[in-house]
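In: Provide a 3D model corresponding to the input given below.
(one chain, ligands or ions: 1)
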Amino acid sequence: MLPQRVFLLIAFILFFVQTSYADIFVISRKSVNVRSEPTTRSSTIHKAQKGDWFLHLGNSPDNKWRNVELPDGRSGWIYYTLGRIEDDNYLNTSNDTPPDIILTPPEFDIVRLEVHVINVRQGDSTLIVAYGNDNQKVGLLFDAGKQRRGDEFGVPYLKSIGIPEIKYIISSHHDSDHTGGLDEVLTYDPQDPNDFQVKLIGKAFVTKAEVKSSQKKQYDQYVTAVVKQTGEAVSILSPPAMLPLARGITIQTVTGGGAYLDKDTNSVVDLGVTDANAKSIGLLITYGKFTFFVAGDLGGISKHKYIENKIAPFIGNIDVLRVSHHGSHTSTDEPFLSVVKPEVALISTGSDNNYGHPRKSVIEHLKSSNPNIKIYQTEEGDQTSQYKDLVSTEGLVANNIVVSTDGGCLYSIEGSGVEFTGKVEMQNDDC
Ligand SMILES: [Zn+2]
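Out: Just a heads-up that it's a prediction; the model follows:
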């Protein structure tokens, strides 16, 4: 018996209960059962669109009771299955990884998006910034290079563009060339009150993977820095969770922990991979006509179970690809590129790498997928190791790379490197 709880049954076709954005909501085209306290009947303020994820409530063997806290403060136990809107109907899925990370709603409408590939030498760091009409700005930091690169490059870069607040900080996977600098960004100690401190105002994430002994030191420093600054532990980010950064931009987790969003079956498929790179978190970012994909060191060969190829149908045709794994031959092969068809490829590679990055074969794959593709890279790449003869020099060395768009037909790419300095305008291919 639940004397304090009120059982609310809403069973009208086309009745929606939801909050002010598309990713955290309770929705069904048939029925909605919400048991909550206090009882609140929401008004219909959102019409479901194709591609929205929803929680299908009702009787299904796949349903589970889960405690849900909505951003408007309501909470309760909901019995649901995850699904996705396809055309005018929805499909159910039997997957067991619902978007149960409940995040605070976005605070403003996006009017401009910037994607920054920060030159952290051998390693990776991508900063996503959403701007509002009233001087608002909010960032998402995806990796920060290896140890000391957060201090050396991450913090100065954030200072230079004036991003003191980060809503989400994400380690794509546990390798130290991605995670090593994250704690430095969070623990940077300003020397005077006017100096800059990076505040994490939202959540910190990691991928679902075991922490190997070689990764443990950097990983522990990251999670400790998060707890120290926010008092909260890191969370696991896995598909299909969406990150509400600003209203009007969709940031969807399409892969993570070796699982990916499968377009055909409309479900999250766990490949059971053991390889650390294959467990990289991949984010598909959509703002207006602009689409961008970034995924750490996600792989596309057999030991990674071709995870890039598997996720490609869900990603679809994009504008800009942050090439995975620093241009390694283990990623970015032809089947993947034949689906995602980028116009611009950005490679985070350091001249201090000795892995033979970026590989000629990857550049060839990029060019055969699109003869007009523009390829930019942060540094020249490996010139000294045993693999140096396999390294391509075709991508233009651009240092820090900035992609900027208002979501319309045009976007720009800006660089400040020895081979590319200045700005080029690009046109979205569906304009
Ligand atoms: Zn890496």
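In: K167 in helix, strand or coil?
Out: Taking DSSP: H, G, I helix; E, B strand; the rest coil as the rule, one finds K167 in the strand state.
In: now it: closest residue in space, sequence neighbours ignored.
Out: Nearest non-adjacent residue to K167, counting by CB to CB, 6 or more residues apart in numbering: G202, 3.8 Å away. To be clear about C-beta, it is placed using only N, CA and C from the backbone, and glycine gets the same treatment.
In: same check, this time on E107
Out: Distances taken as CB to CB, 6+ apart put Q136 closest to E107, at 6.9 Å, once the chain neighbours are dropped.
In: for the stretch 251-400 of the chain, which residues are neighbours of the ion?
Out: Proximity of the stretch 251-400 of the chain to the ion (CB under 5 Å from the ion) is limited to residues D297.
In: could you point out where the stretch 251-400 of the chain is predicted with low confidence?
Out: Where the stretch 251-400 of the chain drops to pLDDT under 70, the residues are 266.
In: burial check on the residue nearest to T384 when sequence neighbours are not counted, number of neighbours?
Out: Nearest residue to T384, sequence neighbours excluded (CB to CB, 6+ apart): N354, at 6.9 Å. By other CB atoms under 10 Å, the residues close to N354 number 14.
In: show me what contacts the spatially most central residue of the chain?
Out: With distances taken as CA atoms, centre = their mean, the chain has L283 as the residue nearest its mean C-alpha position (2.8 Å). Neighbour list for L283: F142, I170, L243, I251, Q252, T253, V254, F293, V294, A295 [criterion: CB atoms under 8 Å, 6 or more residues apart in numbering].
In: so which of those is the most crowded?
Out: I170 leads those on contacts (other CB under 10 Å) with 30 neighbours.
In: first-to-last residue distance for stretch 231-247?
Out: 27 Å (CA to CA, to the nearest Å).
In: got the buried residues for that stretch?
Out: Neighbour counts over stretch 231-247 (16 or more other CB atoms under 10 Å) mark 234-235, 237-247 as buried.
In: can I get those in CSV including pLDDT and secondary structure?
Out: Putting the buried residues of stretch 231-247 into CSV (pLDDT from 0 to 100; DSSP: H, G, I helix; E, B strand; the rest coil) gives the following:
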residue, pLDDT, secondary structure
V234, 88, coil
S235, 85, strand
L237, 87, coil
S238, 84, coil
P239, 83, coil
P240, 76, coil
A241, 78, coil
M242, 78, strand
L243, 84, coil
P244, 82, coil
L245, 89, coil
A246, 89, coil
R247, 84, strand
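In: and of these, the nearest to I128?
Out: Nearest to I128 among the buried residues of stretch 231-247, counting by CB to CB, is L245 at 7.0 Å.
In: what about the closest one, distance to K137?
Out: 10 Å (CB to CB, to the nearest Å).
In: overlap in contacts, those two.
Out: A130.
In: in the stretch 201-350 of the chain, which spans are helices?
Out: 213-230, 307-315, 334-340 (DSSP state H, counting those that start in this stretch).
In: show me the beta-bridge partners of the residue nearest to the centre of the chain.
Out: Beta-bridge pairing for L283 (DSSP bridges): T253, V294.
In: and the residue lying closest to D333 once chain neighbours are set aside, what does it touch?
Out: With CB to CB, 6+ apart as the criterion, D333 has its nearest non-adjacent residue at 4.7 Å, and that residue is G300. Counting by CB under 8 Å, 6+ apart, G300 makes contact with Y306, I307, E308, N309, S324, T330, S331, T332, D333, P335, F336.
In: please indicate which of those are buried?
Out: For the contacts of G300, a burial check counting by 16+ other CB under 10 Å picks out Y306, I307, E308, N309, S324, T330, S331, T332, D333, F336.
In: quick one, domains of the protein?
Out: 6-92, 112-427 (automatic domain parsing).
In: buried deepest among these, which one?
Out: Burial of the domains of the chain is given as mean neighbour count (mean count of other CB atoms under 10 Å); domain 112-427 ranks first at a mean of 21.
In: what about it, start to end distance?
Out: OK, domain 112-427 end separation, CA to CA: 16 Å.
In: now that domain, how far from the centre of its chain.
Out: Domain 112-427 sits 8 Å away from the centroid of its parent chain (CA atoms, centre = their mean, to the nearest Å).
In: show me what contacts the closest residue to Y131 other than its chain neighbours?
Out: Spatially, and ignoring its direct neighbours in sequence, Y131 is nearest to R112 (4.3 Å; CB to CB, 6+ apart). By CB under 8 Å, 6+ apart, the contact list for R112 reads A130, Y131, S404, T405, D406.
In: for those residues, give me CSV that also has distance to the ion, secondary structure and pLDDT.
Out: CSV is the format used below for the contacts of R112 (distance: CB to the ion, whole Å; DSSP: H, G, I helix; E, B strand; the rest coil; pLDDT from 0 to 100):
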residue, distance to the ion, secondary structure, pLDDT
A130, 26, strand, 97
Y131, 29, strand, 97
S404, 25, strand, 98
T405, 26, strand, 98
D406, 31, coil, 97
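In: kindly indicate which of those residues lies nearest S213.
Out: In terms of CB to CB, no member of the contacts of R112 lies closer to S213 than A130, at 37.5 Å.
In: got any ranges where the stretch 101-250 of the chain has weak pLDDT?
Out: 101-105.
In: output the set of residues of it in proximity to the ion.
Out: So the stretch 101-250 of the chain meets the ion at D177 (CB under 5 Å from the ion).
In: element containing whichever residue of the stretch 101-250 of the chain sits closest to the ion, please.
Out: Of all residues in the stretch 101-250 of the chain, D177 sits closest to the ion, at 4.3 Å by CB to the ion. Secondary structure assigned from DSSP states H and E places D177 in helix 176-179.
In: other SSEs contacting the helix or strand just after that helix?
Out: Using DSSP H and E, the helix or strand that follows helix 176-179 in sequence is helix 182-187. With contacts taken as 3 or more CB pairs under 8 Å, 6 or more residues apart in numbering; DSSP states H and E, helix 182-187 sits against helix 155-161, strand 165-170, helix 213-230.
In: packing partners of the shortest one?
Out: Counting contacts by 3+ CB pairs under 8 Å, 6+ apart, strand 165-170 packs against strand 137-142, helix 182-187, strand 199-206.
In: the longest one pairs with which strands, and in what direction?
Out: In its sheet, strand 199-206 lies beside strand 165-170 (parallel), strand 235-236 (parallel), with partners assigned from DSSP bridges.
In: next, the angle from it to helix 213-230.
Out: Here strand 199-206 runs at an angle of 150 degrees relative to helix 213-230 (axes from the mean of the first three to the mean of the last three CA atoms, to 10 degrees).
In: brilliant, that's me finished.
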